[in-house]
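[1] need a 3D model of the following:
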Amino acid sequence: MIKEFPYDEFQNTVSELLVCNKSILDILAKFQESNARLNRAIVKSVTGCGCTRIDASKKEIPKDAAFSDLKDILESHLKGELCESCRDTVEQSIGSTLFYIAAICNLLELNLCDIIGKEQKHLKILGLYNLA
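    Predicted coordinates:
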C-alpha cells in the first residue's frame, strides 16, 4: 500500500527536532540501536507473542527455472499476521529508524526525497536484475 508522503517535510521536522544528539557518531549509534529494536520487535512477534511464525527450509529450485520465475518459487518463510500490539511496535521501530536515516541525510546535506527518487528510477531500470 503506497501513500503519498511529504518526505521533505519529514526531513525538515527531523532537522528541527535533532538538537542534543547532533554528532554523526551519536546518530549512527542511535540508527544502529533503532535497527536492532526493529529486528527485536519482529523476532518477539514470533517468539513472544506468536502472532507470526517462521517456517523455513531449503527451497528446491527447478533446474529449468528462469530468474524471473524465482519470485513465484521463493517465499518469505513468514506465516501469520502481526497482531495489533506487534504491528504498533514494529511501526514505531520503523518510524524511529526512518528518523535517524533522515538525520543522517541532514548532516550529510542529502535530500531523502531525491535519494528515494533515484533508487526508484534505478529499480525500474534494472527490474528483477537489480538484486541479483
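[2] how close does the residue nearest in space to the middle of the chain get to L70?
    Nearest residue to the geometric centre of the chain (Cα atoms, centre = their mean): I94, 6.7 Å. Plainly put, I94 is 26 Å away from L70 if you go by Cβ to Cβ, to the nearest Å. Bear in mind the C-beta positions are built from the backbone N, C-alpha and C, glycine included.
[3] now E109
    Going from E109 to L70 by Cβ to Cβ gives 38 Å.
[4] okay, buried residues for stretch 72-86 please.
    When neighbours are counted by 16 or more other Cβ atoms under 10 Å, the buried residues of stretch 72-86 are found to be 82, 86.
[5] quick check: longest helix of this protein.
    With DSSP state H setting the assignment, residue counts place helix 84-107 as the longest helix in the chain.
[6] buried set for the next helix or strand after that helix?
    Beyond helix 84-107 on the C-terminal side, the first helix or strand identified by DSSP states H and E is helix 112-126. Of all the residues in helix 112-126, those buried under the rule 16+ other Cβ under 10 Å are 112-113.
[7] any idea of the angle helix 112-126 forms with helix 84-107?
    Following axes from the mean of the first three to the mean of the last three Cα atoms, to 10 degrees, one obtains 100 degrees for the angle between helix 112-126 and helix 84-107.
[8] let the chain start at 54 from now.
    Renumbered: residue one is now 54, and that last one reads helix 165-179.
[9] for helix 165-179, packing partners?
    Other helices and strands packing on helix 165-179, by 3 or more Cβ pairs under 8 Å, 6 or more residues apart in numbering; DSSP states H and E, are helix 60-70, helix 137-160.
[10] in CSV: these, plus distance to L176.
    CSV is the format used below for the helices and strands packed on helix 165-179 (distance: least, Cβ to Cβ, whole Å):
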stretch, distance to L176
helix 60-70, 17
helix 137-160, 18
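[11] how about those, which one is nearest N92?
    Taking Cβ to Cβ as the criterion, N92 comes closest to helix 137-160 out of the helices and strands packed on helix 165-179, the separation being 8.4 Å.
[12] which residues touch that closest one?
    Contact with helix 137-160 is made by 63-64, 67-68, 71, 75, 77, 80-81, 83-84, 87-88, 90-91, 93-95, 97-98, 102, 104-105, 135, 163-165, 168, as judged by Cβ atoms under 8 Å, 6 or more residues apart in numbering.
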